[in-house]
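Undergrad: Everything below, folded, please.
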Amino acid sequence: MILVTGATGNVGRHVLDLLVEDGRAVRVLTRRPQNAVWPAEVDVVAGDLADAASLGTALAGADTVFLFAVPGSGPGFVAAARQAGVRRVVLLSSGAVSDDDEVQDGPIASYHAEIEQALRASGLEWTFLRPDVFAANTLMWAGQTKSGDVVRGAYAEAAAAPVHEADIAAVAAAALTQDGHAGRVYELTGPESLTHAEQARILGEVLGRPIRFAELPAETVRQAMSAHVPAPILDGIFKVWSESVGRAAPTTTDVEKVTGRPARSYREWVLDRATAF
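TA: Numbering: from 1, shown residues only. Below is the predicted model:
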């Protein structure tokens, strides 16, 4: 039995669907089972990774877990997983984590690194997936593209190698169901470095109309985003954006190494999600 956590998220739902298609026995842990439509083959259990006491039923009989990173959940999950006899855990971590830094840079890297450390010390088989910038982050432009042909934001020349969530899920499914991935850390990116302006252009090409990125002052955008993004997270986002201006984003071949095919391009992601824009 494979337990999938975070199954309503961009990556987790893809993981769930891949496992079901492969004929695997799958259970889902979710805080609100009633808020999603689940495949008939899936066993759905209510619970919360932030509440270790709620994990017993979900973990019973599971030997493998796809773990979504919830801040502070590492030690409680590890204790519950060991008690339940779990053997293998694949963690959706973050590309922000740095193995070279004793103190991680920012809250996102810190809480993912804490969960990684708990798993490293657990005695369980573990695999860490560290995706960099998600292509799905550009869904935040959808409101603007639905009402016009201009995307307004900070740092037009900030560069990233956006990764398709389906590629992250494909790597996860392989690590969950195949041997040879224990102790591995996979750095997952898309195949090319693209600036915000280039992503907007590609978005327009797929949609069949010219879309351009209009750069706004960083502080203006920060104030607008502060209404729904916590300040420490916002600080990290703007640091990454500002430091990537004028620098090509690094890319890896880890998606291809694990899945046997190249990572999908940002253009492919837009084609898959065009109706959202």
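
Undergrad: rest of the way, CA atoms for contacts and neighbours
TA: Will do.

Undergrad: chain center to stretch 200-220: distance?
TA: A distance of 23 Å separates the centroid of the chain from that of stretch 200-220, by Cα atoms, centre = their mean, to the nearest Å.

Undergrad: What sits closest to I202 if chain neighbours are left out?
TA: Closest residue in space to I202, ignoring its immediate chain neighbours: R267 at 6.4 Å, by Cα to Cα, 6 or more residues apart in numbering.

Undergrad: Surely that neighbour and A200 touch.
TA: No - between R267 and A200 there is no contact under Cα atoms under 8 Å: 10.5 Å.

Undergrad: check contacts around A96.
TA: 105, 108-109, 130, 132 (Cα atoms under 8 Å, 6 or more residues apart in numbering).

Undergrad: In the residues you listed, which has the lowest confidence score?
TA: Minimum pLDDT for those is recorded at D105 (85).

Undergrad: any idea how far G85 is from that residue?
TA: 34 Å (Cα to Cα, to the nearest Å).

Undergrad: do T259 as well
TA: For T259 relative to G85 (Cα to Cα), the value is 28 Å.

Undergrad: Next: A249.
TA: A249 is 40 Å from G85, by Cα to Cα.

Undergrad: related to what we said a few turns ago, and R267 and A200? Which one has more around it.
TA: Counted by other Cα atoms under 10 Å, R267 and A200 do not tie: A200 has more neighbours, with 24 against 17.

Undergrad: That one sits in which helix or strand?
TA: Here A200 sits within helix 196-207, counting by DSSP states H and E.

Undergrad: in that helix, what's buried?
TA: Under the neighbour-count criterion of 16 or more other Cα atoms under 10 Å, helix 196-207 has 196-204, 207 buried.
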